[in-house]
Each structure stands twice: as structure tokens, then as C-alpha cells.
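Novice: for reference, the sequence and a predicted model appear below.
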There are 2 protein chains.
Amino acid sequence: MKTNTKDIFIDTASSLFANQGYHATGISEILKKSNAPKGSLYYYFPQGKEQLAQEALQKTAEKISTEILDVLAKASTPLEGLQQHLIYIAQKIEKDLFQPNVSISLIALETFSSNEIIRLECERTFQQIQNIYKNSFLKMDLHEEYANFLAMTMVMLTEGAITLSLTKKNTQPLHQLANNLPLLINFNNLLGENYAK
Amino acid sequence: MKTNTKDIFIDTASSLFANQGYHATGISEILKKSNAPKGSLYYYFPQGKEQLAQEALQKTAEKISTEILDVLAKASTPLEGLQQHLIYIAQKIEKDLFQPNVSISLIALETFSSNEIIRLECERTFQQIQNIYKNSFLKMDLHEEYANFLAMTMVMLTEGAITLSLTKKNTQPLHQLANNLPLLINFNNLLGENYAK
DNA sequence: GTCTATAAGCAGATAGAC
DNA sequence: GTCTATCTGCTTATAGAC
């Protein structure tokens, strides 16, 4: 039997943790926004805040992965898909008034040295996203190592662009990156073809 | 008259905030590592934690800027300088056992929506770093807008590579980016020459 | 300028009634 | 399964002695 009180907790926590961070988000705030009492939270998540954060992070990771796969599936080329994804993120940031749920960098940087469970979850998520990018590049008949490097580059660029856009309270970095992405990710690059010569 | 108790506070706070984050770092931890009593902290920083964080961030920003300028000055080309800087960051991370002081992304993401003073300081810092990159690119006779885009790209890539390396507890992303940077930042790129055609 | 004792409030977590 | 009252410890900050 599936209750959905638990899902409400996860959704609320997912959003709050991603936008404010793990330490800045209190259990009380999650309870208030979930319209639920404290007891039921500890019923569903006996290990408390850490367990809730872990499950919330998995949910965020799933959502991000799905969004990327969707946009790549609709696009006519991987490059266009990546550009559209960056614009999608920018629109989401604007629409949600800079409270989106598009990045796990904050949680990753907050916990990498203090919480091994959550750190591993973040590492897994980054790898999962990178693999999605890599698979799309492989369809372009790129050398595997080169595809992998470009995929890692896309993860770095996307996370960096989100960080800059949020800090500036302006989505210009995301838009500019989307517009000029062909200058960076150049499939006809001779250097790239000789990548692992 | 210059005491240096204040400087000790700033150095300690600078390191703790950058590595653990603003909310995870308590005043008590700063006091303990500074070997100083609580009274003197509030004597030097009457506005408490927020003021200390702001001054610590300025110190971190200064240090990062100086390091980039140094490495660029010694390198024979901007591209080599950027590669060496990435390697320098990787070495610092390894040497300091993943407790370096090389990024402001964590503080930026933690505070962009909750603390306007610190957010502005972060925005200023990102812009300052981008300007250093831009000036080095301009020496290569690039179009100004293209130089500016490449500089922004370098900020994104560097912050992204640090985030990935810390999360993985492995500096491979930083090293791989350094090795393959010429594939991305390509001054002979025809597209780049036509940037703002 | 330096230091300690303490305030006031909030955090995460729990016990136990219903 | 749901809810509330409460515990313990930690947080930032302050008052005031020296």
C-alpha cells in the first residue's frame, strides 16, 4: 500500500535541499511546507535528516536525468539537444524565481568532506548524467575517450553555468553558453579526431 | 596599529567557510581553531558571523586572483597558464587532503537566495576572475566579445572541474581538463574569428 | 582590548498518547 | 499510522568583569 505523505516529504525536501542547501534547511521548515507533523517524518525516515536527504537527492537525480533524456530524444542532433537543455534550465530558473531544482553541486560541495553516504550519491548522480551525454555523443561516431571527455566537459559547463547564473541572478551565462556551445563542442575538430592516437 | 588576532580569525574562517560551507561552520569551531576567545571575535566583527564571512570571502578572492595572475605571468602563453593553473589547483587539493581553498562556488550557491551581501561579494569575485582571464586572452588579439566568452567558459569549467574532483575525491577531472583544454579553447577556431560577425 | 559566563532560541531527535 | 509535548545539545550573540 502506497501512502503519499512520504512522497510529499521527499518532494518538499528535494526542492529545499537543492536550493538552500543541506545545512540551511531545517526539519521544521520541511514539516511546515509539507503540512505534516514531526512524528510522521521520523516514522518514514527513521534515520532522520540524513536519510531524507539521501532519498530526496535520488529523486532530484532522477528528475534531472529524465529531463536531459527527454530533450535529447526530441532534438535532431546531440548538440542541439544540449543547447536546448541549457535554455530549458534557464527558463526553469526564471519561472521558479531562482528557486529551481536543476543542480546538485550545492549538496555535493556541502557534504563531500563530511557525509560519505550523500557524497557517494552525488558522485553516482554526476556519473549518471555524464553517461547520458556520453551515449548521445557516441551516436555521432566519436572516439569513445573523446566522447567521454566531452561528456565530462558538459557536466562541468552546465554546473558552472548554473552557479554563475544563480549568483548573478541573471540567466545570461546559461544563454550565452547555449548560443556559443558549437564553438566549444566541435565534432569536426581535427584535434578531437586524433584524440587518443 | 595592526593586531593580527583579526587576521587569524579571517584566515581560519576563510578556510572553514570555503571547505565546509557557511552554515556548516560554527562560530565555536572558528574560535577553537583560532585559539581565541569569543569576546574578541565580536570585538573585531561586531556584526558577527555575516561580517566575518564577508571579510573571509574577500581574502579568499584575493588569494585566488593572485594565484591566477602569478601562474599566467610565468607561462609562455595564456593557454599554458590556464593549464598550469588547473594542475596547480589539483596539486593543492591533493596536498591539503581535499581541504583546499580554491573555489567560492559553495558559498555562492549557499547564499545567493538568502544573503544579498555575501551574494554580491561572490558575484564580484567571479567577475574579477573572469576579467583576469579575459585580459590574458586579449593579448592573443582575440575579438573582445570572444575573449569575454572564453573567459566566462574558463570560470565555468574551473568551478565545475573542482566540484567534480572534490565530489569524486579524485583530481582526475581537473587533470583531464588541463590535458585536453586545447581541444576546447581553440584560438585558431574559424568560428571564433567570426564570433560577432 | 581580552576574556568568561550566560542568555535566548533553534536544531535534530524521541517518547508515548491516540 | 498520526500527532504532540518534550528532551538535549548546540547555535549566535551579549553583558560585563578585568
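Specialist: Done, it's in. Because the structure is predicted, anything quoted here is derived from the model rather than measured.

Novice: now the host helix or strand of A:Ile10: mean pLDDT?
Specialist: Here A:Ile10, judged by DSSP states H and E, is contained in helix A:5-20. Along helix A:5-20, the predicted local confidence has a mean pLDDT of 96.

Novice: tell me which stretches of chain A form helices.
Specialist: Taking DSSP state H, the helices of chain A run over residues A:5-20, A:27-34, A:38-44, A:48-74, A:78-95, A:105-111, A:116-138, A:144-168, A:172-184, A:190-193.

Novice: just to revisit the earlier point, and the helix holding A:Ile10, which residues are buried?
Specialist: By neighbour count, with 16 or more other Cβ atoms under 10 Å in any protein chain shown as the criterion, the buried positions of helix A:5-20 are A:6, A:8-20. The C-beta positions use only the backbone N, C-alpha and C, and glycine is treated the same way.

Novice: now the most centrally placed residue in chain A: phi and psi?
Specialist: Centrality entry for chain A: nearest residue to the mean C-alpha point is A:Ser103, 3.7 Å, by Cα atoms, centre = their mean. With angles defined as degrees, to the nearest 10, A:Ser103 shows backbone torsions of phi -150, psi 150.

Novice: that one and A:Ala18 touch, don't they?
Specialist: Yes. With contacts counted by Cβ atoms under 8 Å, A:Ser103 reaches A:Ala18, the gap being 6.8 Å.

Novice: before we move on, back to that, which one of the helices of chain A has the lowest average pLDDT?
Specialist: Out of the helices of chain A, the stretch the model trusts least by mean pLDDT is helix A:190-193, with a mean of 50.

Novice: ok, now which ones touch A:Ser15?
Specialist: Neighbour list for A:Ser15: A:99, A:101 [criterion: Cβ atoms under 8 Å, 6 or more residues apart in numbering or on different chains].

Novice: let's see it at 6 Å
Specialist: When contacts are counted by Cβ atoms under 6 Å, 6 or more residues apart in numbering or on different chains, A:Ser15 is found next to A:Asn101.

Novice: next one: A:Leu16
Specialist: A:Leu16 makes contacts with A:Thr25, as judged by Cβ under 6 Å, 6+ apart.

Novice: now with 8 Å, please.
Specialist: Neighbouring residues of A:Leu16 by Cβ under 8 Å, 6+ apart: A:25, A:29-30, A:33.

Novice: among those, which two are most distant?
Specialist: Pairwise distances among those were taken by Cβ to Cβ; the largest, 10.0 Å, belongs to A:Thr25 and A:Lys33.

Novice: neighbour count winner among those two?
Specialist: More neighbours sit around A:Thr25 than around the other of A:Thr25 and A:Lys33, counting by other Cβ atoms under 10 Å in any protein chain shown; the figures are 23 against 16.

Novice: got phi/psi on the more buried one?
Specialist: When quoted as degrees, to the nearest 10, the phi and psi of A:Thr25 stand at phi -100, psi 120.

Novice: once you drop chain neighbours, what's closest to the closest residue to DNA strand C within chain A?
Specialist: Nearest to DNA strand C, among the residues of chain A, is A:Gly48, at 2.5 Å (Cβ to the nearest atom of the strand). Leaving aside its sequence neighbours, A:Gly48 sits nearest to A:Tyr42 (Cβ to Cβ, 6 or more residues apart in numbering or on different chains; 6.5 Å).

Novice: since we're on that neighbour, how many residues are nearby?
Specialist: 15.

Novice: and what of A:Leu120?
Specialist: A:Leu120 has 15 neighbours, counted by other Cβ under 10 Å.

Novice: next one: A:Pro173
Specialist: Using other Cβ under 10 Å, A:Pro173 has 26 other residues around it.

Novice: could you do the one 5 residues further on as well?
Specialist: Neighbouring residues of A:Ala178 were enumerated by other Cβ under 10 Å; the total is 19.

Novice: my guess is it contacts A:Ala90, does it?
Specialist: Yes. Taking Cβ under 8 Å as the definition, A:Ala178 is a contact partner of A:Ala90 at 7.4 Å.

Novice: now for these two: what residues contact both?
Specialist: Residues touching both A:Ala178 and A:Ala90 (Cβ under 8 Å, 6+ apart): none.

Novice: what distance separates the start and the end of stretch A:28-48?
Specialist: Distance between the boundary residues of stretch A:28-48 (Cα to Cα, to the nearest Å) amounts to 12 Å.

Novice: can it be said to contact DNA strand D?
Specialist: Yes. For a cut-off given as Cβ under 7 Å from any atom of the strand, stretch A:28-48 has contacts with DNA strand D, namely A:36-40, A:42-43.

Novice: any chance of a PyMOL selection covering the buried ones in those?
Specialist: Of the residues of stretch A:28-48 next to DNA strand D, the buried ones can be selected in PyMOL as follows, counting by 16+ other Cβ under 10 Å:
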select buried, chain A and resi 36+40
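
Novice: wait, doesn't A:Leu174 sit right on A:Glu159?
Specialist: No. Contact between A:Leu174 and A:Glu159 fails when scored by Cβ under 8 Å: they sit 11.2 Å apart.
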